[in-house]
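In: coords below, sequence missing:
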């Protein structure tokens, strides 16, 4: 399936949910692992704000990519953010969506407003 690189330089991204292990199988509690490296995966919740529009999204990040010093409500950076469309059939119902993945989640700073003075 094709992945689409997400350009984040003009966006403000705020952390809304702390990193938690991504569960692969809810019945067994098995934690999801990266298919290539075998590393445990984490999920975070963010609000992505760009050009006056906002979206709440979940992003998958490798465990080693979760930086120290993250705070809820604070701006974060998501280097290497990609979007991957998906679809599946569950209990006879067609489902689809977009999965987001980033190489890391790191603290960032609020952008300076245009015309702001110090």
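Out: Ah, there it is. In this text, all values refer to a predicted model and were calculated from it rather than measured experimentally.

In: without its sequence neighbours, what residue ends up closest to residue 59?
Out: The shortest distance from residue 59 to any non-neighbouring residue, by Cβ to Cβ, 6 or more residues apart in numbering, is to residue 100 (4.5 Å). The C-beta positions use only the backbone N, C-alpha and C, and glycine is treated the same way.

In: before we move on, what about residue 97?
Out: Closest to residue 97 by Cβ to Cβ, 6+ apart is residue 86, at 6.0 Å.

In: again with residue 55
Out: residue 48 (5.0 Å).

In: how about the strands in this structure?
Out: Using DSSP state E, the strands of the chain run over residues 4-5, 12-21, 23-25, 30-31, 41-50, 53-62, 76-77, 82-90, 93-101, 106-107.

In: the one helix or strand in the chain whose mean pLDDT sits lowest packs against which elements?
Out: Using mean pLDDT, DSSP states H and E, strand 23-25 stands out as the lowest-scoring helix or strand of the chain, at a mean of 89. Contact analysis of strand 23-25 by 3 or more Cβ pairs under 8 Å, 6 or more residues apart in numbering; DSSP states H and E lists strand 30-31 as its packing neighbours.

In: can you give the strand pairings for the strand it packs on, parallel or anti for each?
Out: strand 23-25 (antiparallel) (DSSP bridges).

In: residues in contact with the residue nearest to residue 97?
Out: By Cβ atoms under 8 Å, 6 or more residues apart in numbering, the contact set of residue 86 is 1, 96-99.

In: try residue 23
Out: Neighbours of residue 23 in contact, by Cβ under 8 Å, 6+ apart: 29-32.

In: can you count the residues close to residue 16?
Out: 15 (other Cβ atoms under 10 Å).

In: list the contacts of it.
Out: 45-47, 56, 72-73.

In: may I see the ChimeraX selection of the buried members of those residues?
Out: Buried subset of those, written as a ChimeraX selection, criterion 16 or more other Cβ atoms under 10 Å:
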select :45,46
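
In: cheers, nothing more for now.
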